[in-house]
Structure formats: C-alpha cells, structure tokens
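Student: let me see the structure of the following:
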Amino acid sequence: MLPTVADVLALDTVRRGNPRVVAGADRLDSRVRWVHVGEVTDIAHLLRGGELVLTTGIALPDDPGKLADYIAELVSVGASGLIVELGRKFIGELPGVVVRAAEDHGLPLVTLARETPFVQITESVHARIIDSQLEELRASEQLHEVFTELSVEGASPAEILGQVTRLSGHPALLENLAHQVLACETAGRDTGSLLAGWETRSRAVSPDLRTAYDAASGWLVTMVGARGQDWGRLILLCDTEPGPRDIVLAERAATTLALGRLLERHQESLERQAHGTIITGILTHAYADPEEAAARARAVGVPLTGRKLVSVVLRLAESAENPPDGQEQLARLGELADAASAACREARLPALIGALDQNRVGVLLPLPPRVLPEAALTTLADHLRVTFTIPFVLAAGSVVESVRDVRRSFLEAEQVADVAVRRPDGRAFYRLPDLRLRGLLHLLRDDARLQTFAERELGPLLAHDAQRGGDLTRILRVYLDAGRNKAVAAQRAHLSRPAFYDRLRRLERVLDIDLDDVESCLSLHVALLALESFRRDSPRS
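Tutor: You can find the predicted model right below:
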C-alpha cells in the first residue's frame, strides 16, 4: 500500500527536521506515489500526480500572486503535498499567501525548521513504495494461482466466496442486480444481522467506479460481469479501508465468478443455485440456527418468518419406452426448475426453488397471508402445466409453521412423489392422504416384516417367471387392476379370453390358491403393491 503524507511525516529522517503542518491538515491521508525534489517555479508540468514535492523555496518568486499560482498549479496536477525547508528563502515561516492558498486548495503544506538532507527522505519513501509494490505483485501472483485453480475446477460461487473470506478475513457477499444475495460467506458474523435490510442498504451504496470502497458503509464493491454485461456485485465488508491486496482479491474473485457464469450455459442459474443451497442447508441441518436460513432466504427475496410453509417436490414422470439419458434428464430437470420459478412469479408466490438431486426439484413455498395451501398448490400446478409440457407430478408435504419443521415436510413430499410417479392419475397435486394404501406401503417399504409378507405371497410366482421367462406376475397385476373382471383383464393383456383364462389357471397352480377367493386376491394385491415399492429401479427412482 502506498504511504500517506502522514506516514512520510512519521519517518525518522523527516522528524529530525522538526516538521510542522501549516495547511491541509485534513488531507494528510493523501497517498504518496513518489517524492520529487524541485527548486524551480514551473515544476508542475514535470509531475504526473501523487508526488510529494520537496523544496527549499530558493527559486520561488517574491510576488504574492505568483506564489499563489505556484500552489494552484501543484494542486491542478494532483500533487499529494508540499514540504518546504525553512532557512534559505523563507526565514522562520512561510508567507501568508502561500499558507492561505494551500489551505484554500486543500494541499497538505509542511515546513521543516531544521536543515534536512532531502536525499534521505527520498530514499526512505521510495524504498517503502517499492516494497509496497513488490508486496502487491507477490499478492497478485498468489491470488492469480488460487483463482485460476478455482476456475479450472469449476468452483461454485459459494466456494469462491469462501476462498475470498479465508484470504481477506472479511465477510463476502455476491448479489444480483436486483440486490438479492446469491451467495454469502459470513466470516463468523451473525447471518441475521449481516443480511438485515440488505436490499435497502445495498441500494444506498452505488460507487461510480467498477471497483471502489464506500467509507460510509465500509463496503468494498466490485462489479461482476463479462463482455460488457454486468449481472451482479461482489461486496467485501471491511472494518477499515481495504489495502491493494484486498482490492486485487475482490477483482480477481469477480473475474472468476464472471468466467464461471460464462461456462455455466447448461447448468442451473446462480439464482437457482442460491435457492438450492438454502434448501439443502435446511434439509442437512447445515444451519445451526433456523433463523440463519430465514435470513438467507429473506436476502434472496423469499420471506419465511411468520408464514405457513409448504414443501413441494416436483418429479418428472417416467417413460419406460424412451428413458432419457443422464444429460437429457438433467436438462429436463433444469427446465422444470426454471418453469416452476416462472410459474411462481406469475402466480405471485415467492418461493425457494432448487434441484434436490438428479430426479427431483424442491420448492419451499411460504404461503401469503389468507392464502390456503390447496389454492396455492392448485395455482402453482395450473401455471406450471401451461409452460412445461413434459409430464410430471407435484407432491406436497404437510403444512408447517417453522423452518425447523421444513425437513420433515420435505421428506414427506419426497415419499409422496416417489409413490405418485409410479402411477400418476392426473391430479393437480398429490398429498399423503391421496396415496392411501400405496402411500402406507411406501412408508413401510424398508420394514423386514412387509418384505417377508410379499416374498411369502409372491415368491413361488416370481421364481416361476424367472426360471421360465414367463409373464404370470404381469397377468396377475392386470387381473387385479381390472377389479377381477376377466373379460376386461384379457383385453388389457392383449390376449384372447381362452388364453387369458389358461394363464389364470396356471397362476392358481403355481401359487396354490383360488382366485375366486376375495381375501386371497386382496392379499396378493397388497403384496404386488409392496413389491413395486421395493423395486426402486423399476420404475427407476
């Protein structure tokens, strides 16, 4: 960091000259880029700005007007200050016109009462400047290596901000142009207080430069974007004015974020990532205090506190004939998430929306006042089906009133979705009571007693089909799904009635049962439904 005028005055070589600030005392924090010794009146045209000028004044004019012009010219080229050694031209003190001109223009003006070798001052200051520049160069090289590695690894915004915080010790936040927080690294600070009233506070900070420090807020702000299209701001919350290393760090991180966005064409948007991170944090108990999750959600424009919350899981309906490959599945899931976001905006329902895994999209829906859950879910489903034509199911968990209970609601919604996707019946949305027996069996699918029951009922039939490549299990399912109506079942199985009746007789022999017995058929139907819940790979879960 370049030294200030105050730093120069604190040097031993300067202090031995008994320095006294006679004007511009409020500008001693001006940075000194270089020290220039000059004993000519027209020195201004030789300067580039940021120089601290040393002079004995021996060549300065006696005319008051020309002395005032001398000061004005130094200010016009951006000199950081003027130090005058007394005793050669000026004895005891400087002319009043020089002091007044410096004060009027805000130029730091210092006198030295004792003779001081200027070469010692220039050597001391220049050594400090060069050390500072070398330090900045080393820091820049280190940051370049760190963020190049992050770029190559395709680091997420959260990972990039985490590195910024580790390197700077400051909280770091990434916001979009609507002043919603997309990612946040608190550096140990309380998240709630850090994000309180964020949008209002952020709108009040609007520096003119792409990277600038706002002293009033203590924010170091740099724009994030590429190819002339800015889409966000990276903000470091600094307790004191940041040094060059912090500025380089912020700019390098902003470049990495911008590059990541350019390479993200087929991935989720940053907004969706931010939403998904919050949902995942709630589900995995990543937030020690539920209020932290509420604060992060509020910062992206989704209020959770004081509202009833509904957890929703969206799942694409599965096609046995043409199942999508992995990339196609991810693309469809991203389209479903984007469509859900658009549907919520159109329905004026604020929501957190993000992928839960490769098969599910999660939606955390805070209900607006006086809006019933059924009405909100129906509205969301109707809007979504208008814009998203690929079949899907919308499953909802129980309504909860606290972020602390959202995880339970989401787990319920996931279970409902897993059951409903196997055999959707066209409902706008599904809840646990809608699934009835299928829902119960799905909840109990890991119970060894249910698995033993299904194996006892269907084991001989499954073994028969496996050994002979038969389809009697399918015939049983068709028969029971048709309500034991043999004519309807034969038509659905695409078999003649005699052929279908023959299959049923073989079924009875293999299982040693009578299909006219209602209780036997009921037991077999429950076993088949349980078998579906066990076979998570068929249909694919």
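
Student: drop to CA atoms for contacts and neighbour counts, all remaining ones
Tutor: Noted.

Student: wait, residue 250 touches residue 238, no?
Tutor: No. With contact defined as C-alpha atoms under 8 Å, residue 250 does not reach residue 238; the gap is 11.7 Å.

Student: who has more neighbours, those two?
Tutor: Ranked by neighbour count (other C-alpha atoms under 10 Å), residue 250 and residue 238 place residue 250 first, with 26 against 20.

Student: so what secondary structure elements neighbour the helix ranked longest in the chain?
Tutor: The single longest helix within the chain, with elements called by DSSP state H, is helix 118-153. Packed against helix 118-153 by the contact rule (3 or more C-alpha pairs under 8 Å, 6 or more residues apart in numbering; DSSP states H and E) you find helix 12-15, strand 34-37, helix 244-262.

Student: distance to residue 503 added to the ones you listed, as a markdown table?
Tutor: Converted to a markdown table, the helices and strands packed on helix 118-153 look like this (distance: least, C-alpha to C-alpha, whole Å):
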| stretch | distance to residue 503 |
| --- | --- |
| helix 12-15 | 106 |
| strand 34-37 | 99 |
| helix 244-262 | 60 |
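
Student: mind putting those into CSV with mean pLDDT and distance to residue 131?
Tutor: Conversion of the helices and strands packed on helix 118-153 to CSV gives the following (pLDDT from 0 to 100; distance: least, C-alpha to C-alpha, whole Å):
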stretch, mean pLDDT, distance to residue 131
helix 12-15, 92, 18
strand 34-37, 92, 13
helix 244-262, 84, 13
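
Student: tell me which residues touch the closest residue to residue 194 other than its chain neighbours, please.
Tutor: Closest residue to residue 194 in three dimensions, ignoring its sequence neighbours and counting by C-alpha to C-alpha, 6 or more residues apart in numbering: residue 186, at 7.6 Å. Residues near residue 186 by C-alpha atoms under 8 Å, 6 or more residues apart in numbering: 165, 170, 171, 172, 194.

Student: so which residue is dead centre in this protein?
Tutor: Geometric centre of the chain, nearest residue: residue 183, 2.9 Å, by C-alpha atoms, centre = their mean.

Student: so it touches residue 274, yeah?
Tutor: Yes. Residue 183 is within contact range of residue 274, at 6.1 Å (criterion: C-alpha under 8 Å).

Student: please enumerate the strands of the stretch 51-200 of the chain.
Tutor: 51-55, 81-85, 109-112, 172-176, 181-185 (DSSP state E, counting those that start in this stretch).

Student: helices or strands up against the second one?
Tutor: Here strand 81-85 is seen to pack against strand 51-55, strand 109-112 when contacts are counted using 3+ C-alpha pairs under 8 Å, 6+ apart.

Student: please state the offset of the last one from the chain centre?
Tutor: When distances are taken as C-alpha atoms, centre = their mean, to the nearest Å, strand 109-112 is centred 52 Å away from the chain's centroid.

Student: repeat that for stretch 468-484.
Tutor: That offset, for stretch 468-484, works out to 51 Å (C-alpha atoms, centre = their mean).

Student: can I get that stretch as CSV, trimmed to CA atoms?
Tutor: Provided in CSV are the C-alpha atoms of stretch 468-484 (Å, rounded to 0.1, in the frame of the first residue of the first chain):
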residue,chain,number,x,y,z
ARG,A,468,-39.2,-69.9,-17.4
GLY,A,469,-39.1,-66.4,-18.7
GLY,A,470,-42.8,-66.2,-18.1
ASP,A,471,-45.2,-63.2,-17.5
LEU,A,472,-47.6,-64.6,-14.9
THR,A,473,-46.8,-61.8,-12.5
ARG,A,474,-47.9,-59.3,-15.1
ILE,A,475,-51.0,-61.3,-15.8
LEU,A,476,-51.8,-61.2,-12.0
ARG,A,477,-51.3,-57.5,-11.9
VAL,A,478,-53.6,-56.9,-14.9
TYR,A,479,-56.3,-59.1,-13.5
LEU,A,480,-56.3,-57.4,-10.1
ASP,A,481,-56.1,-53.9,-11.5
ALA,A,482,-59.2,-54.8,-13.6
GLY,A,483,-61.1,-55.5,-10.5
ARG,A,484,-61.1,-59.2,-11.2
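
Student: buried residues, that stretch. List them.
Tutor: 472, 473, 475, 476, 477, 478, 479, 480, 482, 484 (16 or more other C-alpha atoms under 10 Å).

Student: before we move on, what about stretch 202-218?
Tutor: Those would be 202, 205, 211, 212, 213, 214, 218, for stretch 202-218 by 16+ other C-alpha under 10 Å.

Student: for the stretch 351-500 of the chain, which segments are assigned as strands?
Tutor: Under DSSP E, counting those that start in this stretch, the stretch 351-500 of the chain gives strands at 352-355, 360-366, 392-400.

Student: so which of these is the most packed in?
Tutor: Across the strands of the stretch 351-500 of the chain, the average number of neighbours (mean count of other C-alpha atoms under 10 Å) peaks for strand 352-355, which reaches a mean of 28.

Student: contacts for it?
Tutor: Residues contacting strand 352-355 (C-alpha under 8 Å, 6+ apart): 272-273, 275-279, 297, 302, 333-334, 337, 340-341, 361-365.

Student: swap in 7 Å and give it another go.
Tutor: Residues outside strand 352-355 that contact it (C-alpha atoms under 7 Å, 6 or more residues apart in numbering): 272, 273, 275, 276, 302, 337, 341, 361, 362, 363, 364, 365.

Student: which of the residues you listed sits closest to residue 500?
Tutor: Taking C-alpha to C-alpha as the measure, residue 500 lies nearest residue 361 of those, at 42.0 Å.

Student: name the nearest residue to that closest one, sequence neighbours excluded.
Tutor: Leaving aside its sequence neighbours, residue 361 sits nearest to residue 355 (C-alpha to C-alpha, 6+ apart; 4.3 Å).

Student: distance of that neighbour relative to residue 413?
Tutor: Counting by C-alpha to C-alpha, to the nearest Å, the gap from residue 355 to residue 413 is 14 Å.

Student: ok, back up a step: I'd like the strands of the stretch 51-200 of the chain laid out as TSV, including distance to residue 393 and mean pLDDT.
Tutor: Listed next are the strands of the stretch 51-200 of the chain as TSV, based on distance: least, C-alpha to C-alpha, whole Å; pLDDT from 0 to 100:
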stretch	distance to residue 393	mean pLDDT
strand 51-55	70	94
strand 81-85	72	95
strand 109-112	76	95
strand 172-176	31	93
strand 181-185	28	91
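
Student: how about these, which one is nearest residue 435?
Tutor: Short answer: strand 181-185, nearest of the strands of the stretch 51-200 of the chain by C-alpha to C-alpha, at 37.0 Å.

Student: about what we covered before: got the helices and strands packed on strand 81-85 as JSON lines, with distance to residue 84 columns?
Tutor: Putting the helices and strands packed on strand 81-85 into JSON lines (distance: least, C-alpha to C-alpha, whole Å) gives the following:
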{"stretch": "strand 51-55", "distance to residue 84": "5"}
{"stretch": "strand 109-112", "distance to residue 84": "5"}
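
Student: any idea which of those strands gets closest to residue 223?
Tutor: Nearest of the helices and strands packed on strand 81-85 (C-alpha to C-alpha): strand 51-55, 29.9 Å.

Student: if we go by neighbour counts, what in that closest one is buried?
Tutor: Of the residues in strand 51-55, 51, 52, 53, 54, 55 count as buried by neighbour count, 16+ other C-alpha under 10 Å.

Student: partners of it in the sheet?
Tutor: When pairs are called by DSSP bridges, strand 51-55 turns out to pair with strand 34-37 (parallel), strand 81-85 (parallel).

Student: so which of those strands gets nearest residue 437?
Tutor: Nearest to residue 437, of all the strands paired with strand 51-55, is strand 34-37, at 82.7 Å by C-alpha to C-alpha.

Student: isn't residue 313 up against residue 413?
Tutor: Yes. Residue 313 is within contact range of residue 413, at 5.8 Å (criterion: C-alpha atoms under 7 Å).
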